[in-house]
Structures are given as C-alpha cells and as structure tokens.
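Trainee: Show me the folded form of this:
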Amino acid sequence: MARRAAPPHAGPAYYSGAPPRGALADPNESFFSAFLKEEVFAPEKLPGNLSILTGVAVFLGGIAAIRTFGEFMIP
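Mentor: Numbers count the residues shown, from 1 in each chain. Alright, predicted model coming up:
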C-alpha cells in the first residue's frame, strides 16, 4: 500500500505549533515575570503548584524532624 504524502509545507503532524501568548501580554514584560504569571500564578495551574509545594514542605519538614529528634528513635 502506498504511503500518502502530507501537503507541501505542512510540517510534522505531532507538533501543532507554539501555544499563542495571551492577548493581554505586555510586550515590555520580562521573561521571568511572564513565566511567573503564566506558569506559577495562573488559576488553572494553581492546584498543581500547591500540590508540589505541599509535597516539598512535607519532605523538608521530615528531614528537619529527623535531624532534630532522630536520636530518640535509637533504642
């Protein structure tokens, strides 16, 4: 069976292009502040970011607790 070719200049089928930046994006905004606004504080990504923050806090709290009270665990 012959393979069908894609139309000219179609590009790969698995890549739909870069996501469009928000229409309200400020052209004078720095990369870091745009990253914070779009990835960290975006309402649709906030639950996942809070989940990651909670996991890191529990991990670091566990390390601090073992370093502080670890000697009481030895019989």
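Trainee: Report all helices and strands that the longest helix seen in the chain contacts.
Mentor: If you go by DSSP state H, the chain has its longest helix at helix 46-69. Helix 46-69 sits against no helix or strand, with contacts defined as 3 or more Cβ pairs under 8 Å, 6 or more residues apart in numbering; DSSP states H and E. The C-beta positions use only the backbone N, C-alpha and C, and glycine is treated the same way.
Trainee: Using the neighbour-count criterion, name the buried positions in that helix.
Mentor: By 16 or more other Cβ atoms under 10 Å, helix 46-69 has no buried positions at all.
Trainee: Give me the average confidence score over it.
Mentor: Averaged across helix 46-69, pLDDT comes to 95.
Trainee: now swap in stretch 4-16 and tell me
Mentor: Per-residue scores along stretch 4-16 average to 67.
Trainee: Give me the residues contacting the longest helix of the chain.
Mentor: Applying Cβ atoms under 8 Å, 6 or more residues apart in numbering, the contact partners of helix 46-69 are Val40, Met73.
Trainee: try 10 Å
Mentor: Glu39, Val40, Phe41, Ala42, Gly70, Met73 (Cβ atoms under 10 Å, 6 or more residues apart in numbering).
Trainee: With only the CA atoms kept, save it in CSV.
Mentor: Extracted in CSV, the C-alpha atoms of helix 46-69 (Å, rounded to 0.1, in the frame of the first residue of the first chain):
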residue,chain,number,x,y,z
LEU,A,46,-2.5,26.8,40.9
PRO,A,47,-3.9,23.5,42.3
GLY,A,48,-1.0,21.5,40.8
ASN,A,49,1.5,24.1,42.1
LEU,A,50,0.1,24.0,45.6
SER,A,51,0.3,20.2,45.5
ILE,A,52,4.0,20.4,44.6
LEU,A,53,4.6,23.0,47.3
THR,A,54,2.9,20.8,49.9
GLY,A,55,5.0,17.8,48.9
VAL,A,56,8.2,19.8,49.2
ALA,A,57,7.2,21.2,52.5
VAL,A,58,6.4,17.8,54.0
PHE,A,59,9.7,16.4,52.7
LEU,A,60,11.8,19.2,54.1
GLY,A,61,9.8,19.1,57.4
GLY,A,62,10.5,15.4,57.7
ILE,A,63,14.2,16.0,57.1
ALA,A,64,14.2,18.7,59.8
ALA,A,65,12.3,16.5,62.3
ILE,A,66,14.7,13.5,61.8
ARG,A,67,17.7,15.7,62.2
THR,A,68,16.2,17.3,65.4
PHE,A,69,14.6,14.3,67.0
